[in-house]
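Chemist: model the following, please.
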Amino acid sequence: MSEREPRKTEEACFEAGIKFGTLYHQFAGAPVSPDSAASLAAAIEESIENQPHCEAVRIDMDTDALASTIDEGPASYTELTGKFMDVEMDIEYDGIAVTTEMHMENGYPLMEVTGVDDQ
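Modeler: Just a heads-up that it's a prediction; the model follows:
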């Protein structure tokens with residue numbers, strides 16, 4: 001790996017943060033069920049991939065957790081939260097590739113940079 005400019009790296013990581021902020025705060029609260037989880041995940045992926053510098057978004061919906069939550073509640077759906085999805089994103093900004101992920105940690109949807117590399 002070559003020596004990268006710190007500012008470019010910071011900007012690339014900032015771009016990843018923008019994508020996570022949009023992903024989580026735009027879609028949290030959306031009605032979801034095990035039957036609609038795959039189509040909602042695809043819609044979220046496609047929506048976020050429209051943003052500049054976003055190369056790929058992968059969402060894994062936990063349909064077992066969705067079903068369990070729905071079984072405990074009064075409706076045939078629940079609201080989307082971080083506990084129902086794991087997310088990975090690939091961002092490319094000015095020659096810097098940033099990989100990120102979101103998963104639950106201690107009951108909180110932790111969003112983090114997992115890798116930074118020159119392309």
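Chemist: tell me the bridge partners for the residue nearest to residue 38 when sequence neighbours are not counted.
Modeler: Nearest non-adjacent residue to residue 38, counting by C-beta to C-beta, 6 or more residues apart in numbering: residue 61, 6.8 Å away. Just so you know, the C-beta spots here come from the backbone N, C-alpha and C atoms, and that holds for glycine as well. Under DSSP bridges, the beta-bridge partners of residue 61 are residue 85.
Chemist: settle this for me: residue 61 is touching residue 84, isn't it.
Modeler: Yes. The pair residue 61 / residue 84 is scored as a contact, 6.0 Å apart, by C-beta atoms under 8 Å.
Chemist: which neighbours do these two share?
Modeler: Residues touching both residue 61 and residue 84 by C-beta atoms under 8 Å, 6 or more residues apart in numbering: 32, 37.
Chemist: higher neighbour count, these two?
Modeler: Taking neighbours as other C-beta atoms under 10 Å, residue 61 and residue 84 compare with residue 84 leading, 24 against 20.
Chemist: let me know the secondary structure of residue 114.
Modeler: Here residue 114 is recorded as strand under DSSP: H, G, I helix; E, B strand; the rest coil.
Chemist: that one: neighbour count?
Modeler: With other C-beta under 10 Å as criterion, residue 114 counts 11.
Chemist: list the residues that contact it.
Modeler: Contacts here follow C-beta under 8 Å, 6+ apart; on that basis residue 114 touches 99-101.
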